[in-house]
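> Need the 3D shape of this:
(one chain, ligands or ions: 1)
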Amino acid sequence: MDLSKRKFKDDYKKMMTEVYSMDISEAEPTEQFFVLGNLVRTYSSKNWSHTNQVYVENKQKQTYYFSMEFLLGRMLKSNLLNLGILNTVRDGLYDLGIDLETIVQMEPDPGLGNGGLGRLAACFIDSMATSEIPGHGNGIRFKYGLFKQKFVNGYQVELPENWLQNGNVWETRKMHAAVTVRLYGKVWLEKTASGVLEPHYEGAQKVLAVPYDTAVIGYKNDVVNTLRLWSAEVPAQDESTDYWSFIHQRNQIESISEVLYPDDSNYEGRLLRLKQEYFFVSAGVQSIIRHYKKMRVPMLHLAEKVAIHINDTHPALSVPELMRILLDEEKMDWEHAWNVTVNVMSYTNHTIMSEALEKWPIDMISTLLPRIYQIICEIDRRFTMKMSTLFDPSIVERTRIIECGHVKMAHLAIIGSHSINGVAQLHTTILKEKVLHDFYLIYPSKFNNKTNGITQRRWLMLANEPLCNLINRKIGNDWETTPTELKMLKAFRDDEKTLIELAKIKHQNKERFAKHIQKTMGLVLNPDAIFDVQIKRLHAYKRQLLNLLHILSLYFQLKDHPEADLHPRVFIFGAKAAPSYTYAKQIIKLINSVADLINQDTTIKEKLKIVFVENYGVSLAEKIIPAADISEQISLASKEASGTSNMKLMLNGAITLATLDGANVEIRDRVGSNNIIIFGLREEEVYQYYHDGSYHSKSYYDRNPVLRRVLNALIDGTIPDAEAEGRSVFDSLVYYGDEYFVLRDFDAYSAAQKQIDQLYRDTLKWQRMALINIAGAGTFSSDYTVQQYASQIWDVFSRIRDI
Ligand code: 475
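The predicted model follows:
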């Protein structure tokens, strides 16, 4: 948008008076933030209603991205950037004596997600608006986001994250768009005079779903889409309601949108979770249908105007919910309703971890959602009947929805969608060939790959302005909207001046991060050290332990040979563990205890430091990633579906140290094997081990003296105050099979780390690798990812520019 500094300053002063009736000089930073937030809203509001109006006038097909999680991060700067007024506002505020960076910190970081899946959803809505795709988010307005993590004595402690405490400047409550969601009760079918079956309900609990809409602003294109998050409330009561039963009911209902389940890649089989899933799905589908009806297009054509995307299985009840509406409310017959539903729905799988596969006990689902359960049974019956004539009975048995007293959500999502995709090439191949092979035999053409992506706006333009400025000076700024243009940077691969500039920027970013760590943790970091970063959820398969064992081996090397020629290293960890995941929490405690041991040991001459940041999330990631030299992507091959921190880190010039897992494979293909460090077991080797059962971790312990010493340190008192944790981890690795092949990959990992130590000493060579990584990162922009979803799955495209 066009905005002069002068106009901005006038607007800001005026808004300050309107909202707080005071002068800027009296305002606190929280108030300054709130006023700026309000102003930004007014700047985008015209485009928001205009975008909606154009969509309606053009009867354009809309996509709705259904996701339990949207891990948005702070939005002020991102909105300013996308409106094209970041610098104007920064300068204007400066004139008024206000520092933008200070007020940015006043915004709570909405952590409405666990990890990769939730952050992907946030990148996607940003990219859809930017790519002019009519696409909107649909989710839950959790009152409490993911818990706040604190370390007490090195142990993770979870505190509530009350992000709404001071209100949320970005949202608008839309009471007129509220819908009713029905839970429990009884349902039976009765034949009407015309012979169709009509459901009758009795005693259902009614929940009022109230939407809160947030503008999703496209990058400098006047498009504003919508993120709609639903809040559960008590419907208006009749006069006769008894006060105490009202309070009881209120507590029950409001708990639905109270708190996000803090489990990542894990299935939580609780009634409340099932309620949450149905709640936002039912509200979302009802509201889509209500909107669709305004267009006066027959319901049979729904799939021409609406696409619903199921982000992992959490929203899989969209399938029977849409069927319910089409059958019961729109009076469509089953075949037509089913045809419409399958054409509307598409599904993404995000993990092959079997513990993440959702399945609900029949009595739970039939009690909570009686009509939905009937419909699921009928879908299952028809599927089984049809497939029995075409496939081997064992395949049908393995793929049906209802099995052993449970409803399998992945099966429901696959059968009820026209598309199922994995999130990286390797992941999709594993789905087709192994995990979902039976379904692949039945529906080969439904399967496709959409490799994940990240938005270069948040992860480069906002997080790393110095690097961004350098890139713009070298190749101009076409890459901002065509990220593959970053490849032009390759022309500077032998340009010493550019490489030195890159090194300087990295150094400055490291200094900035070091300052932050000194301030928040009291730890002094050496910015000349290699900053080696592993930031992701704590999970055994991601193998933070492999990293830790290697750190211990370096420590012992330095204890034995204080003069050993090791380049100084700072190992940076950021990770939350699911509160119920004991093993992951033990690993957190161990890392913290090893950090205490090493950080306080003056005999190793400051060559090693460990920083485990508390409460890792989007805002911290924005600080860490620009300062990273090494990106640790060391999951056991086959287990990480894609990974996305790998993409953010390469975009900021970190060198990837990786197994050939998830999107690491594609990163290697992009930058070439000379510009990434690959180690460890390959996916085929892992499966071979599973097949022949020949992995015996104890033999690695017995045969490898370095490894033995490191492992013994876990149980011989070397590590302070972590005996129980050390013992548990030791036993799991040495005696209980080492499920994720940590000991098997230890030597290969150590050798790779040694190679890095050598490479880093040659600054030009290192920076050349960094440059190639930045130049190759453009393909991993989520702009391209959503464009592929739009054309290949949703069949939507933009005509917003047409009028
Ligand atoms: C993968 N979350 C990454 C990323 O595709 C991948 C599961 C159950 C309940 C709540 N959250 C989850 C996940 O499974 C998840 O985040 N998966 C991740 O999705 C985006 O890049 O490899 O582990």
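
> For the ligand, give me its nearest residue in the stretch 451-600 of the chain.
residue 452 (5.1 Å; Cβ to the nearest ligand atom). Backbone N, C-alpha and C define where each C-beta goes, glycine included.

> so what's that residue up against?
116, 120, 423-424, 642-644, 647, 663, 780, 782, 785 (Cβ atoms under 8 Å, 6 or more residues apart in numbering).

> Of those residues, which ones also sit close to the ligand?
116, 120, 423, 642-644 (Cβ under 6 Å from any ligand atom).

> how about the residues you listed, which pair is most distant?
Farthest pair in those (Cβ to Cβ) is 120 and 643. Separation: 10.7 Å.

> Beta-bridge partners for residue 360, please?
residue 407 (DSSP bridges).

> got a list of what it touches?
Residue 360 touches 269, 274, 406-407, 409, counting by Cβ under 8 Å, 6+ apart.

> Pull up the gap between it and residue 403, please.
12 Å (Cβ to Cβ, to the nearest Å).

> Then residue 94?
Residue 94 is 63 Å from residue 403, by Cβ to Cβ.

> Kindly report the same for residue 434.
Residue 434 is 19 Å from residue 403, by Cβ to Cβ.

> repeat for residue 525
53 Å.

> And for residue 476?
57 Å.

> the more surrounded of these two?
Each of residue 476 and residue 403 has its neighbours counted (other Cβ atoms under 10 Å); residue 403 has more, 14 against 11.

> Next, the contact list for the residue in the stretch 101-250 of the chain positioned nearest to the ligand, please.
Using Cβ to the nearest ligand atom, residue 116 is the residue of the stretch 101-250 of the chain that sits closest to the ligand, at 2.8 Å. With contact taken as Cβ under 8 Å, 6+ apart, residue 116 is in contact with 350, 452, 536-537, 641-645.

> hmm, 7 Å instead?
residue 644 (Cβ atoms under 7 Å, 6 or more residues apart in numbering).

> Same question for residue 575.
Per Cβ under 7 Å, 6+ apart, neighbours of residue 575: 536-538, 544, 588, 616.

> and what of residue 769?
So residue 769 contacts 655, 675 (Cβ under 7 Å, 6+ apart).

> before we move on, what SS does the closest residue to residue 792 other than its chain neighbours have?
The spatially closest residue to residue 792, leaving aside those adjacent along the chain, is residue 448, at 6.7 Å (Cβ to Cβ, 6 or more residues apart in numbering). Secondary structure for residue 448, judged by DSSP: H, G, I helix; E, B strand; the rest coil, is strand.

> ok, now residue 166?
coil.

> From residue 594, how far off is it?
For residue 166 relative to residue 594 (Cβ to Cβ), the value is 38 Å.

> neighbours of residue 787, just the number please.
So residue 787, with other Cβ under 10 Å, has 18 neighbours.

> can you tell me which residues contact it?
Residue 787 neighbours (Cβ under 7 Å, 6+ apart): residue 131.

> Please apply the same query to residue 256.
Counting by Cβ under 7 Å, 6+ apart, residue 256 has contacts 207, 232, 275-276, 279.

> Just the element for the closest residue to it other than its chain neighbours, please.
Nearest residue to residue 256, sequence neighbours excluded (Cβ to Cβ, 6+ apart): residue 232, at 3.8 Å. Assigned by DSSP states H and E, residue 232 belongs to strand 224-233.

> Just want the angle from the next helix or strand after that strand to strand 224-233.
Following strand 224-233 in sequence order, the next helix or strand is helix 243-254 (DSSP H and E). Relative orientation of helix 243-254 versus strand 224-233 (axes from the mean of the first three to the mean of the last three Cα atoms, to 10 degrees): 140 degrees.

> picking up where we left off before, which strands and helices sit next to the strand holding residue 232?
Counting contacts by 3 or more Cβ pairs under 7 Å, 6 or more residues apart in numbering; DSSP states H and E, strand 224-233 packs against helix 29-57, helix 116-130, strand 135-140, strand 205-217, helix 243-254, helix 271-293.

> what about the third one and the ligand, touching?
So the one you mean is strand 135-140. No - Strand 135-140 is not in contact with the ligand by Cβ under 6 Å from any ligand atom; minimum separation 12.4 Å.

> quick one: strands adjacent to the helix or strand just after that strand?
Sequence-wise, the next helix or strand downstream of strand 135-140 (DSSP H and E) is strand 148-152. Applying DSSP bridges, strand 148-152 is found paired with strand 155-159 (antiparallel).

> Which residue, other than its chain neighbours, is closest to residue 189?
That would be residue 197: by Cβ to Cβ, 6+ apart, it lies 4.3 Å from residue 189.

> Same check on residue 615?
residue 149 (4.5 Å).

> The one you found touches residue 156, doesn't it?
Yes - assessed by Cβ atoms under 7 Å, residue 149 is found in contact with residue 156 at 5.7 Å.

> who in the protein is up against the ligand?
So the chain meets the ligand at 114-117, 120, 263-266, 350-351, 356, 423, 452, 640-644, 662 (Cβ under 6 Å from any ligand atom).

> Show me the shaky parts of the stretch 601-750 of the chain.
For the stretch 601-750 of the chain, no stretch is flagged by pLDDT under 70.

> ok, back up a step: with neighbour numbers in mind, choose between residue 166 and residue 594.
residue 594 (27 against 13).

> host element of that one?
helix 582-599.

> Name whatever forms a beta bridge with the residue nearest to residue 615.
Bridge pairing for residue 149 - DSSP bridges - gives residue 158.

> Show the contacting residues for it.
Contacts for residue 149 (Cβ under 7 Å, 6+ apart) come out as 156, 158, 576, 614-615.

> go again using 10 Å as the cut-off
Residue 149 is in contact with 156-159, 161, 262, 574-577, 579, 588, 613-617, counting by Cβ atoms under 10 Å, 6 or more residues apart in numbering.

> And residue 366, by the same measure?
360, 372-374, 376-377, 407 are the contacts of residue 366 under Cβ under 10 Å, 6+ apart.

> Please pick out the residue of the protein most distant from its centre.
Computed with Cα atoms, centre = their mean, the maximum C-alpha offset from the centroid of the chain is found at residue 193, amounting to 50.5 Å.

> gap between it and residue 156?
Distance, residue 193 to residue 156, using Cβ to Cβ: 63 Å.

> thinking again about what came up before, find residues that contact each of residue 149 and residue 156.
Shared contacts of residue 149 and residue 156 (Cβ under 10 Å, 6+ apart): 575-577, 579, 588, 614-615.

> Centre of the chain to stretch 512-520, how far?
26 Å (Cα atoms, centre = their mean, to the nearest Å).

> whoops, I mixed them up, stretch 20-33
With Cα atoms, centre = their mean, you get 34 Å for stretch 20-33.

> in that stretch, what's buried?
Neighbour-count burial for stretch 20-33 flags 20, 24, 27, 31-33 (criterion: 16 or more other Cβ atoms under 10 Å).

> Closest one of those residues to the ligand?
Taking Cβ to the nearest ligand atom as the measure, the ligand lies nearest residue 33 of the buried residues of stretch 20-33, at 29.9 Å.

> Which residue, neighbours along the chain excluded, lies closest to that closest one?
Leaving aside its chain neighbours, residue 33 sits nearest to residue 106 (3.8 Å; criterion: Cβ to Cβ, 6+ apart).

> so what's the residue nearest to residue 792 bridging to?
residue 421.

> hmm, back to that, and the residue of the stretch 451-600 of the chain closest to the ligand, what's its pLDDT?
pLDDT recorded at residue 452 is 98.

> And residue 236, by the same measure?
For residue 236, pLDDT reads 88.
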